[in-house]
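Enquirer: Test case, fold it:
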Amino acid sequence: MLRALAVDDEKPALEELLYLLRADPRITSAEGATDATEALLRINRALDAGPDGADAIDVVFLDIHMAGLTGLDVARLLAGFARPPLIVFVTAHEGFAVQAFDLKAVDYVLKPVRRERLAEAVRRAAAGVSSAPAPRPPTEAPAPQDQIPVELGGVTRFVPIADIAYVEAHGDYARLHTTTPAGPGTGHLVRIPLSTLEERWASRGFVRIHRRHLVALHRIEELRLDSGTTTVRVADAELVVSRRHARELRDLLTRRAGGGR
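Expert: Got it, this is the predicted structure:
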């Protein structure tokens, strides 16, 4: 018997998927989430509670194209956990199947979802749950102070902090944008709030320019004021500077250019 979470930012599609899942006798519970951030919060709560907890999730039925983090982003994050829920992608796009199965998805269902096709995906998920190995004890890979560990598919990579140009907030997660990209427009996702990185990396020259962005001061290539809006160019990205941070940032850049501290 399976406990399911369905994730789709289109409400009609989510409601239809939940209706079909709840009609399947192998599904004991099916809840919905309308974006990746909400889904990750629920999954984190389920993993913290353990497989016998009231919030446990066995399988996630996951859309790919969503605002903010995509379904593929969510799958990459879950791959770093000792025993994540299984993933079934449910999408209108055929072109991501290879990436999906590289991320160990148990199935890839195309929209519009047919009852018979979804039933097959549920069967595969049920088989995957019954054959899952015992959970591994959690381990934390130590990282040198000048690097940050990033987990993907059970492999821990160490990203040099010196290579990080800016950081983007995604709820309790952060996306690290480096000078050597991780992939087309992806960056590295880590389970650390932006406020924590701001505090840890202040001494390394990282400054907050917006509630969503933390930048490496030495990576700023251009500061621009246009019609009252301040922006900076960092690693080929143009980022908006909030009004509360604009004056402080200009002062920091001026002192830096003049050799001051």
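
Enquirer: isn't there a strand covering L18?
Expert: No. Counting by DSSP: H, G, I helix; E, B strand; the rest coil, L18 falls outside a strand, being helix.

Enquirer: And for it, the neighbour number?
Expert: 19 (other C-beta atoms under 10 Å). Using the backbone N, CA and C atoms, a C-beta is placed for each residue, glycine as well.

Enquirer: what's the answer for S203, then?
Expert: The burial count for S203: 7, using other C-beta under 10 Å.

Enquirer: repeat for R255
Expert: If we define neighbours as other C-beta under 10 Å, then R255 has 11 of them.

Enquirer: which SSE is it in?
Expert: Taking DSSP states H and E as the criterion, R255 maps to helix 243-257.

Enquirer: mind listing the strands for the stretch 51-200 of the chain?
Expert: 59-62, 86-91, 107-110, 147-152, 155-160, 164-170, 173-178, 188-190 (DSSP state E, counting those that start in this stretch).

Enquirer: Within the sheet, what are the partner strands of the longest one, with directions?
Expert: According to DSSP bridges, strand 164-170 has the following sheet partners: strand 173-178 (antiparallel), strand 213-216 (antiparallel).

Enquirer: same question, the first one
Expert: Based on DSSP bridges, the pairing partners of strand 59-62 within the sheet are strand 2-7 (parallel), strand 86-91 (parallel).

Enquirer: And the helix holding R255, how far out from the chain middle?
Expert: 30 Å (C-alpha atoms, centre = their mean, to the nearest Å).

Enquirer: Which residues are in contact with L41?
Expert: 171-172 (C-beta atoms under 8 Å, 6 or more residues apart in numbering).

Enquirer: tell me the SS of it?
Expert: L41 - assigned by three-state DSSP - is helix.

Enquirer: And the pLDDT at the closest residue to I220 other than its chain neighbours?
Expert: Distances taken as C-beta to C-beta, 6 or more residues apart in numbering place V232 nearest to I220, at 5.0 Å, with adjacent residues excluded. pLDDT, V232: 94.

Enquirer: try the one 4 residues further on
Expert: Taken from the predicted model, the pLDDT recorded for D236 is 84.

Enquirer: Tell me how many other residues surround it.
Expert: Residues near D236, counting by other C-beta under 10 Å: 10.

Enquirer: distance of it from V190?
Expert: 21 Å (C-beta to C-beta, to the nearest Å).

Enquirer: In CSV: the strands of the stretch 51-200 of the chain, plus mean neighbour count and distance to G53.
Expert: As requested, the strands of the stretch 51-200 of the chain are arranged in CSV below (neighbours: other C-beta atoms under 10 Å; distance: least, C-beta to C-beta, whole Å):
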stretch, mean neighbour count, distance to G53
strand 59-62, 27, 16
strand 86-91, 24, 17
strand 107-110, 18, 25
strand 147-152, 18, 23
strand 155-160, 14, 26
strand 164-170, 21, 25
strand 173-178, 22, 22
strand 188-190, 22, 25
